[in-house]
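Undergrad: here's my sequence, what's the structure:
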Amino acid sequence: MKLYVFVPIILFVVTLVLIVNGNNKMNKYNECTGTIVRFYENTSELRVGSYETKAVSPVVSYSVNGRTYEFTGNYYSTSMKVGQEVKVLYNKEDNSKATIKTGIYFAPIITGGLTLLFILPIIIYLVLKSKGIISF
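TA: Next up, the predicted model:
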């Protein structure tokens, strides 16, 4: 039971940190539109059973003040296609540092959802116990 209590607390703290970091990035970065120019596939030597693990990341091109930059994104979706436009956040102080805007929200949504999955059974248990429906 102790582990079941600590996991949602840890996930909640991680979610808060991700949200704060995302908000800080929104304040330090400007937004522009970029284009997916290709995909970078990194095949790992690690194997899961008979399957080879592969990480896919979009390579995005964007322009700031007439200068073109490229970066490898840390967010990927199977709906992404070469030539697709994506929202890019680039650093106000160093225009070459950028990220895909959607990726800022992706991680907190996952960790927040996992937090709810852990907390919901605890809430249900406490409600049922307070109503005398269960006694353990």
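
Undergrad: show me the residue sitting in the middle of this structure in space.
TA: Centroid-nearest residue in the chain: A107, 2.6 Å away (criterion: Cα atoms, centre = their mean).

Undergrad: which of the three states applies to it?
TA: helix (DSSP: H, G, I helix; E, B strand; the rest coil).

Undergrad: now do the same contact list for it.
TA: For A107, the contact set (Cβ atoms under 8 Å, 6 or more residues apart in numbering) comprises L18. C-beta here means a position set from N, CA and C on the backbone, and glycine is covered the same way.

Undergrad: tell me how far it lies from N23.
TA: Separation of A107 from N23 (Cβ to Cβ, to the nearest Å) stands at 13 Å.

Undergrad: swap in I10?
TA: Distance from I10 to N23, by Cβ to Cβ: 21 Å.

Undergrad: give me the neighbour count for G83.
TA: 7 (other Cβ atoms under 10 Å).

Undergrad: now the phi/psi pair for it, please.
TA: phi 90, psi -10 (degrees, to the nearest 10).

Undergrad: which ones are touching it?
TA: Applying Cβ under 8 Å, 6+ apart, we find G83 in contact with T35, I36.

Undergrad: quick one: pLDDT of it?
TA: pLDDT for G83: 97.

Undergrad: and it, how far from N24?
TA: Distance, G83 to N24, by Cβ to Cβ: 31 Å.

Undergrad: for this structure, which segments count as helices?
TA: 2-28, 101-130 (DSSP state H).

Undergrad: ok, and the closest non-adjacent residue to E93?
TA: Distances taken as Cβ to Cβ, 6 or more residues apart in numbering put K28 closest to E93, at 7.6 Å, once the chain neighbours are dropped.

Undergrad: quick one: closest of the helices of the chain to D94.
TA: Comparing the helices of the chain against D94 with Cβ to Cβ, the closest turns out to be helix 2-28 (10.1 Å).

Undergrad: so which elements touch that closest one?
TA: The helices and strands touching helix 2-28, judged by 3 or more Cβ pairs under 8 Å, 6 or more residues apart in numbering; DSSP states H and E, are strand 85-91, helix 101-130.
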